[in-house]
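# need a structure here:
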Amino acid sequence: MSATSRKTSASTPLAIPIASPSSLDHHRQFSSHRYTAMASRLTDLGQMDVQAALDQMRSLLSGRPQIVYKTAYYRKQTKNHWARDDPAFSALQVGFLVVAALAYSVAFRTTIMGGLSFLLYSLLWNWLVPGIIVATIGRELANRHLAGTQSSTHVKQSVEW
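Here you go, the predicted structure:
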């Protein structure tokens with residue numbers, strides 16, 4: 001008997017439910033689709049809004065984070081998520097870190113392997129790992145302690161990772 005032809009029958013003593021994917025499988029498919037979509041956006045430079053990301057960086061560095069919050073708030077109102085659609089902000093950060101690591105390697109006259117190891121150290125231990133830790137802790141704190149009570153007329157609110 002194939003998995004798709006299983007049905008619950010009243011004549012059998014053991015009822016076999018209709019086969020359906022579990023919620024865990026659905027979550028895995030959804031998250032893998034999300035990661036492949038993000039990877040495809042990373043490789044498509046035409047998809048990235050580099051100018052908006054540079055404007056956000058300039059606003060954050062000039063001491064006007066309310067402008068960045070306002071654009072994120074409008075995105076939340078229109079698309080129902082806080083996060084940016086494109087990875088341009090992260091890609092620009094990585095690009096700036098690469099330039100800084102290369103400049104450091106040239107200024108201190110390190111070997112090519114020393115420069116590459118410094119670049120990897122800078123990207124992994126100074127940018128990626130702390131970012132993952134802070135984002136995970138912040139997401140958990142926000143979703144556990146800052147989520148307000150929901151009414152039946154509102155969309156469920158949660159902070160994305």
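
# Flag the shaky bits of the protein, pLDDT-wise.
Filtered on pLDDT under 70, the chain yields the residue ranges 1-32, 34-35, 38, 41-42, 148-155.

# One more pass at 80, please.
Low-confidence segments of the chain (pLDDT under 80): 1-47, 76, 80-86, 147-161.

# Now do the SS call for His81.
Following DSSP: H, G, I helix; E, B strand; the rest coil, the label given to His81 is coil.

# before we move on, what about the one 4 residues further on?
Three-state secondary structure (criterion: three-state DSSP) places Asp85 in coil.

# Could you do the one 5 residues further on as well?
Reduced to three states with three-state DSSP, the structure at Ser90 is helix.

# Ok, Gly46 next?
Using three-state DSSP, the structure places Gly46 in coil.

# Give the burial count for it, as a bare number.
Number of residues near Gly46 (other Cβ atoms under 10 Å) recorded here: 4. Glycine gets a C-beta too; all of them are placed from N, C-alpha and C.

# distance of it from Val98?
Gly46 sits 21 Å away from Val98, taking Cβ to Cβ, to the nearest Å as the criterion.

# Figure out the helix or strand that Ser158 lives in.
Using DSSP states H and E, Ser158 maps to neither a helix nor a strand.

# Please apply the same query to Tyr69.
Per DSSP H and E: Tyr69 is located in helix 65-79.
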